[in-house]
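Enquirer: model the structure of this input:
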Amino acid sequence: MARRLLDKVLKPVHKYHYQPLTAPAHEIRVLILASGSGRQSLRCALRPVPLAGESPLDYETTSYVWGNASLTGQVYIDDMILDIPVSAQKVLFRARLPDRPRTLWIDAICINQKDSAERSQQVALMSRIYSMSKCNLIFLSVEKHEAASLVANVDTIVADLARSTDQYRKLSEMLFDAHNNWKHTSTGSELSLDRQALLDLFSCEWFSRLWVVQEVALAPQNVCIYGEARIPFINILRAIAWFSLNFRTERWFSTSPYVNFARLEFMLRWAGVDRIYSLDPDIRVKSIHILESMRFFNATDARDYVFGTLGIHDKLSGTVPSMLTPDYSVSYPEVYERAALAAITSDKSLAGLGLAGYRSGHIDELPSWVPRFNKPINKAHDPNPLSPLGTSADDGRSLRLHNTGKANGVLIVSGLLLPGPVSQVVSSLRQESSLYDFITFISSSLSIAHESSPSTQFDPTTTDIDTDIAAATTLHAGVHLDGTRAASDPQKSIIGLQHFLSYLTTNRKFPWDTDADPLAVQYYRSMINACYHRNFFSTEIGHIGLGPKSVSTGDVVAILYGGTFPVILRPSEKFPEDYEVVGVAYAHGLMAGEALKNGSGGEEVIFRLR
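Expert: From the prediction side, this is the model:
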């Protein structure tokens with residue numbers, strides 16, 4: 001008896017080796033997790049199943065944070081050992097049932113992560129894997145801890161939201177404007193809430209992970225495991241919506257460095273597809289907007305900023321461009337180039353140029369017209385996006401794309417090349433800019449506006465109020481703080497600038513105080529929205545504008561068909577006939593298609609952008 005027991009203990013345990021899947025049948029592996037409790041060994045079986053089969057599959061998907069993949073644990077697959085990430089091991093311990101087996105799909109185990117070809121093939125099936133599951137289990141916290149206060153808070157918030165939105169029927173119209181942009185109204189609330197419990201919830205690392213966005217968007221049902229609690233994910237989305245409606249959320253969560261509310265709102269937008277928070281069916285979601293939103297999330301592989309969005313693309317449009325089929329043998333610059341071209345083609349728009357731009361030396365090997373989809377938003381270095389509302393520099397002209405097939409680094413499009421290169425530049429303001437910096441920036445901008453103005457070139461002593469209005473409007477990129485276009489009331493900009501300068505010189509401080517001159521406050525805030533990290537520039541023929549902080553003399557201004565904004569281009573040093581994209585710009589007098597409407601906007605050109 002003792003000998004048999006000793007032989008069993010000393011019996012060598014073999015490592016588990018994956019068997020290939022059958023690609024034509026769209027096979028996946030499901031994990032059958034044996035029952036157990038406590039710290040008993042995790043014993044499982046891996047079984048291939050065809051997604052293309054007629055029989056419904058009965059499995060649950062998992063959504064969790066991988067964390068440090070070098071930290072490994074073990075699981076027994078058919079009595080053989082498989083090393084897996086500790087995070088996956090913890091998920092299995094938490095998911096295991098005491099009295100019956102459980103069938104799961106968990107990416108760290110069900111995909112052979114060491115086989116890049118299989119990984120690519122399985123990522124291509126991700127949309128079907130999650131959408132065909134019974135339920136998606138979201139592991140916000142695998143450790144067991146008390147969560148009663150959090151559950152009570154979420155229930156209170158959900159009940160209040162239901163009351164204020166007519167049982168959610170008015171929620172979409174309260175959250176989004178006619179253009180499907182966030183309204184960000186702030187009505188306030190008198191609810192008594194456990195602030196720390198909510199901060200702890202939204203500080204969970206899970207909310208920062210890129211892949212989870214499409215996982216929850218695709219699954220038919222999502223349940224969150226948080227401590228001892230199980231919370232329907234739809235209620236988490238409702239809590240996010242409630243905060244968006246009731247608070248200046250960035251302040252409510254400002255005490256926690258781990259909560260990014262913009263990230264939560266994007267999750268609400270995409271995870272709500274075809275559910276309560278459905279998007280307006282008459283407004284087509286652009287591919288570039290999906291890709292852009294993922295910059296708020298984290299992924300370890302740069303290519304996942306494209307591949308991790310394909311399920312959302314598939315759900316919204318029913319198809320994924322063949323050039324975006326996941327392939328982890330392709331470098332990330334080529335994946336990004338393919339994604340940028342696919343977005344331009346499907347959206348019929350050059351909106352992605354607002355995310356792209358010149359990078360000295362192209363150290364990341366990306367063409368200047370290709371956005372860095374993995375580049376996080378950094379308020380210390382990046383400007384705020386220009387407002388597209390009421391803007392149509394191309395006068396609504398359709399995109400003219402001359403590429404056929406792959407771009408091979410060159411985007412070929414039609415547009416207008418405006419005469420007269422950039423001749424003068426005033427360097428941008430930053431968050432740390434002083435009072436003196438502001439006054440100098442405004443003074444220098446007004447000065448070059450008058451020097452370059454066609455009405456004053458022949459008589460420098462002439463004061464031209466139109467030039468003052470143009471400069472004042474340009475300094476806040478033509479958009480007032482309330483979102484209205486300055487073109488509807490040109491005098492408001494110059495009056496606001498006068499009040500702002502008067503406040504600066506009189507009080508020697510910025511007008512942040514609530515009791516400060518409201519016109520000064522409004523102009524100041526709209527100006528910093530526009531001018532931080534943007535240079536003021538003028539051209540040889542008198543155009544003035546705000547462009548990227550890399551804009552310099554010798555650059556040219558173009559209107560590209562299919563583009564909302566004017567674009568600053570730089571002649572290529574290596575290829576004299578080609579250009580590099582510096583970035584999009586606000587150019588006064590060109591934002592409503594004037595260059596095309598008046599017929600004097602320059603020469604129509606086929607641009608080769610590198």
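Enquirer: does Pro571 touch Tyr579 like I think?
Expert: Yes: Pro571 lies in contact with Tyr579 (CB atoms under 8 Å); the separation is 6.0 Å. Any C-beta I mention is one placed from the backbone N, CA and C, and that applies to glycine too.
Enquirer: overlap in contacts, the two.
Expert: When contacts are counted by CB atoms under 8 Å, 6 or more residues apart in numbering, the set common to Pro571 and Tyr579 consists of Val556.
Enquirer: neighbour count winner among the two?
Expert: Shown here are Pro571 and Tyr579; by other CB atoms under 10 Å, Tyr579 has more neighbours (24 against 14).
Enquirer: beta-bridge partners for the more buried one, please?
Expert: Residues in a beta bridge with Tyr579, per DSSP bridges, are Pro571, Leu609.
Enquirer: how close does it sit to Tyr561?
Expert: Separation of Tyr579 from Tyr561 (CB to CB, to the nearest Å): 15 Å.
Enquirer: ok, Lys286 touching Lys348?
Expert: No: judged on CB under 8 Å, Lys286 makes no contact with Lys348 at a distance of 9.3 Å.
Enquirer: out of these two, which sits in the more crowded spot?
Expert: Legend: neighbour count by other CB under 10 Å for Lys286 and Lys348, higher for Lys286 (17 against 12).
Enquirer: nearest spatial neighbour of that one, skipping sequence neighbours?
Expert: Nearest residue to Lys286 in three dimensions, chain neighbours excluded: Asp347, at 4.5 Å (CB to CB, 6 or more residues apart in numbering).
Enquirer: quick one: low-confidence parts of the stretch 101-250 of the chain?
Expert: Filtered on pLDDT under 70, the stretch 101-250 of the chain yields the residue ranges 178-180, 184-187, 248-250.
Enquirer: that one: strands as residue ranges?
Expert: In the stretch 101-250 of the chain, the segments counted as strands under DSSP state E, counting those that start in this stretch are 102-105, 135-141, 222-226, 229-232.
Enquirer: so can I have CSV of those showing distance to Ala95 and mean neighbour count?
Expert: Output for these, formatted as CSV (distance: least, CB to CB, whole Å; neighbours: other CB atoms under 10 Å):
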stretch, distance to Ala95, mean neighbour count
strand 102-105, 6, 20
strand 135-141, 6, 21
strand 222-226, 8, 22
strand 229-232, 12, 16
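Enquirer: I'd like to know which of those strands is closest to Ser331.
Expert: Among the strands of the stretch 101-250 of the chain, the nearest to Ser331 by CB to CB is strand 102-105 (29.0 Å).
Enquirer: give me the contacts around that closest one.
Expert: Contacts of strand 102-105 (CB under 8 Å, 6+ apart): 28-33, 35, 58-62, 92, 95-96, 129, 133, 137.
Enquirer: recalculate using a threshold of 10 Å.
Expert: For strand 102-105, the external contacting residues (CB atoms under 10 Å, 6 or more residues apart in numbering) are 28-35, 44-45, 47, 49, 57-62, 91-92, 95-96, 110-111, 129-130, 132-134, 136-137.
Enquirer: going by neighbour count, which of those are buried?
Expert: Neighbour counting by 16 or more other CB atoms under 10 Å classes 28-31, 33-34, 44-45, 49, 57, 59-62, 91-92, 95-96, 110-111, 129-130, 132-133, 136-137 among the contacts of strand 102-105 as buried.
Enquirer: among those residues, which are in helices?
Expert: Val91, Leu92, Ala95, Cys110, Ile129, Tyr130 (DSSP state H).
Enquirer: which of those sits closest to Cys531?
Expert: Set against Cys531, the nearest of those by CB to CB is Tyr130 (43.5 Å).
Enquirer: is it true that that closest one touches Val213?
Expert: No: counting by CB atoms under 10 Å, Tyr130 does not reach Val213; the two are 11.3 Å apart.
Enquirer: what sits in contact with each of these two?
Expert: Common neighbours of Tyr130 and Val213 (CB under 10 Å, 6+ apart) are Ser63, Gly311.
Enquirer: domain map for the chain?
Expert: 13-114, 429-532 (automatic domain parsing).
Enquirer: ends of the longest one, how far apart?
Expert: So the one you mean is domain 429-532. 5 Å (CA to CA, to the nearest Å).
Enquirer: pLDDT (mean, whole number) over that domain?
Expert: Computed over domain 429-532, the mean pLDDT rounds to 88.
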